[in-house]
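Participant: Provided below for reference: sequence and predicted model.
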Amino acid sequence: MARAVWNGVVVAESDRTEIVEGNHYFPADSIKRDYFKASDTHTTCPWKGLASYYTLVVDGKRNEDAAWFYPEPKDAAKQIRGHVAFWKGVTVEA
């Protein structure tokens with residue numbers, strides 16, 4: 001079971017993560033949505049496509065753009081459609 005933890009709180013937990021480039025991508029239904037706020041940030045990966053971001057808010061603390069996902073990944077990354085990954089101090093325990 002993989003868990004994503006930030007600010008002492010589990011923000012996602014699943015035994016069905018996809019690992020790409022060393023990152024655990026959690027199924028969207030495994031994230032605790034109360035902690036996720038949509039961000040206007042977008043980046044582009046040449047082989048995965050356009051990424052969108054979430055800011056985490058836990059106990060009044062914000063972690064800007066700490067989670068990302070690919071709403072419409074390219075074919076090479078189709079296995080991460082509907083999945084969310086983390087960085088910026090979010091610890092993934094697997």
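Facilitator: Everything's here; your move. Numbers count the residues shown, from 1 in each chain.

Participant: give me the nearest residue to residue 82, chain neighbours excluded.
Facilitator: Distances taken as C-beta to C-beta, 6 or more residues apart in numbering place residue 28 nearest to residue 82, at 4.9 Å, with adjacent residues excluded. For glycine as for every other residue, the C-beta is placed from the backbone atoms N, C-alpha and C.

Participant: let me know the pLDDT of that neighbour.
Facilitator: What the model reports for residue 28 is a pLDDT of 97.

Participant: which phi and psi values does it adopt?
Facilitator: Dihedral pair for residue 28: phi -60, psi -30, per degrees, to the nearest 10.

Participant: quick one: it from residue 61, how far?
Facilitator: From residue 28 across to residue 61, the span is 23 Å (C-beta to C-beta, to the nearest Å).

Participant: neighbour count winner among those two?
Facilitator: Neighbours were counted for residue 28 and for residue 61 using other C-beta atoms under 10 Å; residue 28 has more, 15 against 11.

Participant: quick one: contacts for the more buried one?
Facilitator: By C-beta atoms under 8 Å, 6 or more residues apart in numbering, the contact set of residue 28 is 69, 82, 83, 84.

Participant: repeat for residue 65
Facilitator: 39, 41, 53, 54, 55, 88.

Participant: out of the residues you listed, who's the most crowded?
Facilitator: The residue in these with the most neighbours, by other C-beta under 10 Å, is residue 54 (23 neighbours).

Participant: bridge partners for it, pull those for me.
Facilitator: residue 38, residue 67 (DSSP bridges).

Participant: touching, it and residue 63? I think so.
Facilitator: No. Using C-beta atoms under 8 Å, residue 54 makes no contact with residue 63, being 9.4 Å away.

Participant: for the chain, what are the low-confidence residue spans?
Facilitator: Scanning the chain for pLDDT under 70 picks out no residues.

Participant: may I have the secondary structure class of residue 25?
Facilitator: The three-state label given to residue 25 by DSSP: H, G, I helix; E, B strand; the rest coil is strand.

Participant: what's across from it in the sheet?
Facilitator: Counting by DSSP bridges, residue 25 is bridged to residue 18.

Participant: all set now, cheers.
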